[in-house]
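In: Sharing a model that was predicted from the sequence below.
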Amino acid sequence: MVVGFSIALIIFSLLLMMLVLMHKGKGGGLSDMFGGGMQSSVGGSSVAERNLDRITVVVGLIWFALIVVLGLLMKFD
């Protein structure tokens, strides 16, 4: 059971990393250093950004829940 949750945690970690990197930079941070200073049309519409935000939050909550469950399983095992 611990192995299953560990594999799920690895998958959700990679998914969360990919989703965070897909976000458009808001300016003034490290995103400007790597070409974020000029406007690009890759960001899409505001609806796509809001959906990406929602998906990122849901995946982040699942990721957090997996960490808590995995910690409890390892503690009581």
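Out: Sure thing, it's come through.
In: Check which element follows the one helix or strand in the chain whose mean pLDDT sits lowest along the chain.
Out: Least confident helix or strand, the chain: helix 30-31 with a mean of 52, by mean pLDDT, DSSP states H and E. Later in the chain than helix 30-31, the nearest helix or strand by DSSP states H and E is helix 46-76.
In: what's that next one packed up against?
Out: Secondary-structure packing of helix 46-76 (3 or more Cβ pairs under 8 Å, 6 or more residues apart in numbering; DSSP states H and E): helix 2-22. Just so you know, the C-beta spots here come from the backbone N, C-alpha and C atoms, and that holds for glycine as well.
In: Could you give the separation of the helix it packs on from the chain centroid?
Out: How far helix 2-22 lies from its chain's middle: 8 Å, per Cα atoms, centre = their mean, to the nearest Å.
In: Packing partners of that helix?
Out: Using 3+ Cβ pairs under 8 Å, 6+ apart, the elements in contact with helix 2-22 are helix 46-76.
In: quick one: buried residues of the helix it packs on?
Out: For helix 46-76, burial by neighbour count (16 or more other Cβ atoms under 10 Å) applies to 52, 56, 59, 63, 66, 70.
In: of those, the lowest pLDDT goes to which?
Out: The member of the buried residues of helix 46-76 with the lowest pLDDT is residue 52, at 92.
In: you'd agree that one is up against residue 23?
Out: Yes: Residue 52 lies in contact with residue 23 (Cβ atoms under 8 Å); the separation is 6.5 Å.
In: The residue most central in space within the chain and residue 1, how far apart?
Out: Centroid check for the chain by Cα atoms, centre = their mean gives residue 16 as the closest residue, at 2.4 Å. Per Cβ to Cβ, to the nearest Å, residue 16 is found 22 Å from residue 1.
In: list the contacts for the nearest residue to residue 2 once chain neighbours are set aside?
Out: Nearest residue to residue 2 in three dimensions, chain neighbours excluded: residue 73, at 5.4 Å (Cβ to Cβ, 6 or more residues apart in numbering). Residues near residue 73 by Cβ atoms under 8 Å, 6 or more residues apart in numbering: 1-2, 5.
In: can you list those in a markdown table and add neighbour count?
Out: A markdown table is the format used below for the contacts of residue 73 (neighbours: other Cβ atoms under 10 Å):
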| residue | neighbour count |
| --- | --- |
| 1 | 9 |
| 2 | 11 |
| 5 | 17 |
